[in-house]
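[1] Structure of the sequence below:
(chains A and B)
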Amino acid sequence: MLILVSLANGSKHGYAMIEDIAAVSGIRLGPGTLYGAIARLEANRFIEPLPSDDRRRPYRLTGAGAEALQERIASMQVIADVGRRRLAQA
Amino acid sequence: MKYLLWLYPRAWRARYGDELAELLATQRCSLILILDLVRGALDAHLRPQVPVAGANGLNSGNTIEREIPMRQGLLTPCAVGRELRVRDYVIGWGIILGGTVLLSVLWLGMRKVYGHSPAVEAFSLVPAPAAILLSLPFTFYKASSAGTKALIVGGGLAFLIVLSMLVGGLSSGL
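    Take a look at the predicted model:
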């Protein structure tokens, strides 16, 4: 999810994703964790690599990835709304 | 730290090794980073994504086949269970029973040579589970990659030995 959010505003390579995710969420992903997630997201066609001349390959969100992110955000939104309502009633 | 990349499966390294090495060059070495890479390598072995044999993984956006965890991952026993033949069961049980007997004989031999020390007594924990572990590559993990088999057996045996040493150490302290 964090990676999908990070790629939502444009392509990024690994290092840029780590920095962006840390800035947005406060969570600093380790390189092993990041590339494990990248491999899975790529396998699921949620992200795709872009051609690159150097070893730092950028990735971008695919249409399926954007859709999956939308669904995830919507379901989190529902949970957040319920939480807010219940807190207001308490 | 690049040497830690060798812990990853070859196919995974071929696809992501250069990128990860480039990223590692920007990181400061730390225990957390090492643990993160070891965990990542374990994950790559247990939940493999198989790269398509393309030039550099950029062929027509179809870079990687879908994840195949049921066949090669932790859930392999569930996937392969119905594919086990009688021969596999015979081999498996042969290794379990034969291995238990052999390792028990080894334990008795150690007792004879080294006496009833706590460490030797703790080794009595090892034979049966070790024999079960040794049988797994021929039964439930027979469809797994050589790396996964080595990881399951090697990791399991290492755990058993460390456990028996701990038990030996604890009981000698009592």
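
[2] Near chain B, which residues of chain A? Just list them.
    When proximity is defined as C-beta under 8 Å from any C-beta of the partner chain, chain A approaches chain B at A:13-15, A:18, A:30-36, A:38-40, A:42-44, A:48-49, A:51, A:54-57, A:62. Where C-beta positions appear, they are placed from N, C-alpha and C, glycine not excepted.

[3] what's the helix or strand for the nearest residue to residue B:100 once chain neighbours are set aside?
    In space, not counting the residues next to it along the chain, residue B:100 is nearest to residue B:131; the distance is 4.4 Å by C-beta to C-beta, 6 or more residues apart in numbering or on different chains. For residue B:131, the element it lies in under DSSP states H and E is helix B:127-135.

[4] For that helix, list every residue counted as buried.
    Buried residues in helix B:127-135, counting neighbours by 16 or more other C-beta atoms under 10 Å in any protein chain shown, are found at B:127, B:129-135.

[5] and of those residues, the nearest to chain A?
    The closest of those to chain A turns out to be residue B:133 (C-beta to the nearest C-beta; 25.7 Å).

[6] Could you check how many residues crowd around residue B:27?
    15 (other C-beta atoms under 10 Å in any protein chain shown).

[7] residues contacting it?
    By C-beta atoms under 8 Å, 6 or more residues apart in numbering or on different chains, residue B:27 lies in contact with A:31, B:1, B:33.

[8] one step back: restricted to buried residues, select the residues of chain A next to chain B in ChimeraX.
    The following ChimeraX line selects those of these that are buried, judged by 16+ other C-beta under 10 Å:
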select /A:13,14,15,18,30,31,32,33,34,35,36,38,39,40,42,43,44,48,49,56,57,62
